[in-house]
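Novice: dropping the sequence and predicted coords here.
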Amino acid sequence: LWNWWPLLPLYPYGQRRTLLREIIPGQIWSFEQLQGLYYVAVPVRLTVVKVSGGLMLVNPLPPTRELRRALSSLEKEHGSVVSIVLPTASGLEHKIALPAMARAFPSATLWVCPGQWSFPLSLPLTFLGIPGRRTKVLIDDGAPHPESCSWLPLGPIDIGLGSFEEVACFHEPTGALLVTDSLVGIEANPPELFDLDPTPLLFHSRDRGDEPLVDSVENRRKGWARVVLFACFLRPDPLKIPPLSEVFRHSFKPGLRNLKAHYGLFPFSWEEGWEVSAKQLLGESQPLVQVAPVLERLIFPRAKETLCDWLDQVAELKKLRWLVSAHFSAPVPFAPR
């Protein structure tokens, strides 16, 4: 149960199931929850890393009772949570959970990405419930666990309302690069998290709103491919969503159907051949590391040199083996394209 869900009213709202996976034995764990709009739900990840003195949490998630119990079991074996890192300036899904996570672990040091902002008003972090006395700014105030972690800042890049900025963490003992939004790897098979709630996949596997939800491996893969297309592009080319002006020009019944599609009551309509677009994103045998498509389209054209310089820094990392992103698949063997 996540009581603060009205602050960011995304599916599945107040009921946040959590899946715990050990992704690098004895070193890195993944805590995953679903989140989305229009039933376009994707996994959002809190990454837990074993560091000197205990555990480091990267990219906070709502600390439900279920999540805290699972973390408590890790603490008994590997030591207490000693640091909590918010390595993004624009990731609302992680920022909104930081105050509650800070209260759940009152002895942990908090680290936040430079350039933090809030909407509609830019407020000090303490006004957002983030305790100032134990909060530090990455890079400006140093960085946590320098004996095992290197930190690579990306940005700032002006996006109008605020700025896009994140700081990646390279965990040298495992060769894992931890990022928030900048890089992703996506498998063709739906993530294991959907075994807890396949509804979003089954909803979008349909071609009409009057079709029942039918659970099958084929429908899960079809729904996942469509969810990935929407989540990665927001307005993918093969997606058909009529503008509201067109909706209301139609007669009442067709207009009502289109209106329901706008508000997520019916599945989206897709052009023929949408599968070709999906296959460009999905790794059948294993996912490939790629720049997150939505950022590549909307943000990085404003600062291509900034992105290229950052990617050069990533490529120069010795012992780089894995990508662990806050979204989609993890860990992904690092073979960037």
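Specialist: Received, thanks.

Novice: quick one: buried residues of stretch 290-304?
Specialist: Gln290, Val291, Ala292, Pro293, Val294, Leu295, Glu296, Ile299, Phe300, Ala303 (16 or more other C-beta atoms under 10 Å). C-beta: built from backbone N, CA, C; applies to glycine.

Novice: what's the answer for stretch 152-163, then?
Specialist: Leu152, Pro153, Leu154, Gly155, Pro156, Ile157, Ile159, Gly162, Ser163.

Novice: look at the second one and tell me its secondary structure.
Specialist: The local conformation at Pro153, judged by DSSP: H, G, I helix; E, B strand; the rest coil, is strand.

Novice: my guess is it contacts Pro114. True?
Specialist: Yes. With contact defined as C-beta atoms under 8 Å, Pro153 counts as touching Pro114 (7.4 Å).

Novice: identify the contacts common to those two.
Specialist: Leu138, Ile139, Glu165, Val167 (C-beta atoms under 8 Å, 6 or more residues apart in numbering).

Novice: burial of the second one, as a residue count?
Specialist: This means Ile139. 14 (other C-beta atoms under 10 Å).

Novice: tell me the most packed of the shared contacts of Pro153 and Pro114, by neighbour count.
Specialist: Once you tally neighbours by other C-beta under 10 Å, Val167 ends up highest among these, having 25 neighbours.

Novice: Leu138 - nearest residue in space that isn't next to it in sequence?
Specialist: Val167 (4.9 Å; C-beta to C-beta, 6 or more residues apart in numbering).

Novice: packing partners of the strand or helix carrying the one you found?
Specialist: Using DSSP states H and E, Val167 maps to strand 163-171. The contact analysis (3 or more C-beta pairs under 8 Å, 6 or more residues apart in numbering; DSSP states H and E) places strand 163-171 against strand 149-158, strand 176-178.

Novice: quick check: mean pLDDT of it?
Specialist: Confidence for strand 163-171, expressed as mean pLDDT, is 94.
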